[in-house]
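Undergrad: quick one, fold the following:
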Amino acid sequence: MESLGQQATGPRPSPLAITAIRYKDAYLKITYSQPQKRGREIFGKLVPYGEVWRTGANEATEITTTKNIQVNGTLLKAGTYSLFTIPQKDRWTIIINSEVGLWGAYNYNSKLDVMRFDVPVTPVDEIYESFTIQLDHRNEVADLLLYWDKTKISMPIKFIN
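TA: Predicted coordinates:
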């Protein structure tokens, strides 16, 4: 029997990671696995353009918020959701879906989408070896940032009082 974070042969090649922030009595947490570049071409190859991606590795990435927030200007009620994306060369479609506990995007069901919106791709000079999610927090607002290889995706989040 495998335990979370361990396979029969040892640690996962894509380790579990968590990023979280607090604002007043609100808490936002993102749980994901970090695939590694390892010399591979990432977007358009390992992660195909135009296909739903689990936005990490292993289990689908999950977002938990203890209070209502706005994501890209749209209300997201307190709860736990899966985060999927559809990468393209110049923009990504961000998908927040109500189904949780999924392995990858294999059983992704678009009928359970809570919201979808597009954000532009920002190229970066630095190469990110590990897929990384960060929250750049400034008072009641934050930017949810996705980095991998030479790609950055940003989406605005606002805590609602």
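
Undergrad: give me the nearest residue to residue 38, chain neighbours excluded.
TA: Beyond its immediate neighbours in the sequence, the residue positioned closest to residue 38 (CB to CB, 6 or more residues apart in numbering) is residue 129, lying 7.9 Å away. Backbone N, C-alpha and C define where each C-beta goes, glycine included.

Undergrad: dump the residue contacts of that neighbour.
TA: With contact set as CB atoms under 8 Å, 6 or more residues apart in numbering, residue 129 has these partners: 36, 37, 38.

Undergrad: format the residues you listed as JSON lines; extra columns: neighbour count.
TA: Listed next are the contacts of residue 129 as JSON lines, based on neighbours: other CB atoms under 10 Å:
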{"residue": "36", "neighbour count": "15"}
{"residue": "37", "neighbour count": "16"}
{"residue": "38", "neighbour count": "9"}
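
Undergrad: out of those residues, who's nearest residue 120?
TA: Nearest to residue 120, judged by CB to CB, of the contacts of residue 129 is residue 37 at 21.7 Å.

Undergrad: now the closest one. Its backbone dihedrals?
TA: phi -70, psi -50 (degrees, to the nearest 10).

Undergrad: contacts only, for it.
TA: Taking CB under 8 Å, 6+ apart as the criterion, residue 37 is in contact with 127, 128, 129, 130, 148, 149.

Undergrad: got a pLDDT number for it?
TA: Taken from the predicted model, the pLDDT recorded for residue 37 is 96.

Undergrad: that one and residue 15, how far apart?
TA: Between residue 37 and residue 15 the computed distance is 14 Å (CB to CB, to the nearest Å).

Undergrad: what of residue 36?
TA: Computed with CB to CB, the distance linking residue 36 and residue 15 is 9 Å.

Undergrad: out of the contacts of residue 37, which end up buried?
TA: Buried positions within the contacts of residue 37, assessed by neighbour count (16 or more other CB atoms under 10 Å), are 128, 148, 149.

Undergrad: let me know the closest of the residues you listed to residue 55.
TA: The closest of those, once distances to residue 55 are taken by CB to CB, is residue 148, at 9.8 Å.

Undergrad: the closest residue in space to that closest one that isn't next to it in sequence - how many residues pack around it?
TA: Leaving aside its sequence neighbours, residue 148 sits nearest to residue 131 (CB to CB, 6+ apart; 4.2 Å). Burial of residue 131 is recorded as 24 neighbouring residues (other CB atoms under 10 Å).
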